[in-house]
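Colleague: Dropping a prediction and its sequence here:
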Amino acid sequence: MNLPSADRSPSVAAAASASEPSLAAAAESATTGGSRGLGALGPVGLVLAGGISVQFGGALAVTLMPRVGALGVVTLRLVVAAIVLLLVCRPKLRGHARADWGTVVVFGITMAGMNGLFYQSVARIPLGTAVTLEVLGPLALSVVTSRRAVNLVWAGLALGGVFLLGGGGFSGLDPVGVAFAVSAGAMWAAYIIFSARTGRRFPQADGLALAMVVAAVLFLPLGIVESGTKLLVPATIGLGAAVAVLSSVLPYTLELLALRRLPAATFAIMMSLEPAVAATAGFLVLDQALSVTEALAIALVIAASMGAVRTQVGRGRGKGLDAT
């Protein structure tokens with residue numbers, strides 16, 4: 001899951017504030033030094049690459065759970081990612097305002113919560129299903145921040161997909177796993193907001209590195225309680241490091257760069273494409289095949305996402321024409 005750059009508030013008023021670039025402005029800044037078309041593809045490619053990395057990392061994490069449990073996997077992921085980012089970024093600790101540190105701490109808390117809740121869900125329900133439910137958080141964020149009535153249609157389409165996924169009542173799924181996935185989605189929406197703010201307050205990936213340390217420190221006691229010395233087995237550490245790179249270091253960095261050139265609402269909508277990636281990873285790595293109904297449900301969620309994307313792009317183009 002993901003990185004930061006347009007300052008964003010969950011409220012509609014803040015979403016419309018001048019501190020957040022419009023889609024047209026983001027596209028314009030992304031094209032510096034190149035054509036408008038190629039520039040626009042840059043941040044999209046970063047988001048897609050990050051999505052592929054994080055979902056295959058999630059599939060690998062599921063294979064690690066029998067060794068150290070869900071909390072142990074999250075601990076390894078966050079601790080290793082924090083160490084790598086600290087070594088690579090070497091963030092400066094001086095010269096930051098109190099508000100900067102407050103943003104980093106909240107970012108770290110949301111990151112810890114998002115990861116912990118998500119891995120609790122995939123320990124109970126299939127990866128593709130968990131991500132489909134989780135992605136409702138970013139989709140809800142996009143609907144709220146867009147303030148356009150047509151996005152209610154896309155939200156309804158996504159809910160229809162979720163209804164199909166649950167067989168009309170989620171009777172075939174572990175209800176605890178479903179609850180964890182939905183809660184992870186709420187944290188994902190908060191993550192997008194605060195990762196964007198962190199990306200604006202700190203240079204490069206410094207804020208991400210510091211927030212990762214906060215998340216790792218918060219989760220370390222939980223991992224120790226659940227797994228103890230199992231966390232120190234060399235093979236387990238190696239797998240945990242691979243999960244950390246695939247699920248945290250690489251995707252978070254790519255998304256941080258992308259959000260510096262995309263509005264957070266558009267980024268949130270693009271995250272809705274991840275159920276398809278997760279389902280593919282679940283099939284290839286975990287042998288979790290989808291039924292026809294489940295595939296249709298995921299397709300509906302993706303269709304809702306693409307519709308919302310087109311709505312946002314059309315709105316941005318309209319503003320650009322008006323400006324000229």
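Modeller: Great, that's in hand. Numbering: from 1, shown residues only.

Colleague: what's the distance between the lengthiest helix in the chain and the middle of its chain?
Modeller: Longest helix in the chain by number of residues, with DSSP state H as the criterion: helix 36-89. Taking Cα atoms, centre = their mean, to the nearest Å, the mean C-alpha location of helix 36-89 is offset from the chain mean by 10 Å.

Colleague: what's the answer for stretch 137-147, then?
Modeller: 14 Å.

Colleague: With residue 66 as the reference, measure out to residue 202.
Modeller: Between residue 202 and residue 66 the distance, using Cβ to Cβ, to the nearest Å, works out to 37 Å. (Each C-beta comes from the backbone N, C-alpha and C, glycine too.)

Colleague: Neighbour count for the two, which is higher?
Modeller: Neighbour tally, residue 202 and residue 66, criterion other Cβ atoms under 10 Å: the higher count belongs to residue 202, 24 against 8.

Colleague: Let me see the contact set for the more buried one.
Modeller: 91, 96, 100, 104, 208, 210 (Cβ atoms under 8 Å, 6 or more residues apart in numbering).

Colleague: for the residues you listed, which one is nearest residue 294?
Modeller: Sorting these by how near they are to residue 294, with Cβ to Cβ, puts residue 208 at the top with 33.7 Å.

Colleague: mind checking which helix or strand that closest one is in?
Modeller: Assigned by DSSP states H and E, residue 208 belongs to helix 206-227.

Colleague: go on, residue 173?
Modeller: Assigned by DSSP H and E, residue 173 falls outside every helix and strand.

Colleague: quick one: it and residue 125 touch, right?
Modeller: Yes - here residue 173 reaches residue 125: they are 5.3 Å apart, a contact under Cβ atoms under 8 Å.

Colleague: For residue 300, list the residues it contacts.
Modeller: Neighbours of residue 300 in contact, by Cβ under 8 Å, 6+ apart: 157-158, 160-161, 164.

Colleague: Low-confidence ranges, the chain, go.
Modeller: 1-41, 142, 146-149, 151, 165-172, 264-276, 279, 289-290, 305-306, 308-324 (pLDDT under 70).

Colleague: how about the helices of it, start to end?
Modeller: Going by DSSP H, the chain shows helices at 12-15, 23-30, 36-89, 98-122, 127-134, 136-146, 150-165, 175-201, 206-227, 234-244, 250-259, 264-270, 274-286, 292-323.

Colleague: how close does residue 187 get to residue 116?
Modeller: With Cβ to Cβ as the criterion, residue 187 and residue 116 are 9 Å apart.

Colleague: For those two, work out which one has more neighbours and name it.
Modeller: residue 116 (25 against 22).

Colleague: Tell me how far the more buried one lies from residue 99.
Modeller: 26 Å.

Colleague: Could you do residue 90 as well?
Modeller: Residue 90 is 23 Å from residue 99, by Cβ to Cβ.

Colleague: same question, residue 107
Modeller: If you measure residue 107 against residue 99 using Cβ to Cβ, the figure is 12 Å.

Colleague: ditto for residue 260
Modeller: Taking Cβ to Cβ, one finds residue 260 at 19 Å from residue 99.

Colleague: Surely residue 73 and residue 60 touch.
Modeller: No - proximity of residue 73 to residue 60 does not meet the contact threshold set by Cβ under 8 Å, at 9.5 Å.

Colleague: In space, what's closest to residue 218 - neighbours in sequence excluded?
Modeller: Once flanking residues are discounted, residue 218 sits nearest to residue 112: 4.6 Å by Cβ to Cβ, 6 or more residues apart in numbering.

Colleague: Just give me the neighbour total for the one you found.
Modeller: Other residues lying near residue 112 total 23 when counted by other Cβ under 10 Å.

Colleague: what's the answer for residue 60, then?
Modeller: 19.

Colleague: Not counting residues beside it along the chain, what's closest to it?
Modeller: Closest to residue 60 by Cβ to Cβ, 6+ apart is residue 243, at 5.4 Å.

Colleague: Identify the residues contacting that neighbour.
Modeller: 57, 60-61, 64, 73, 76-77, 80.

Colleague: That one and residue 181: what is the separation?
Modeller: Taking Cβ to Cβ, one finds residue 243 at 19 Å from residue 181.
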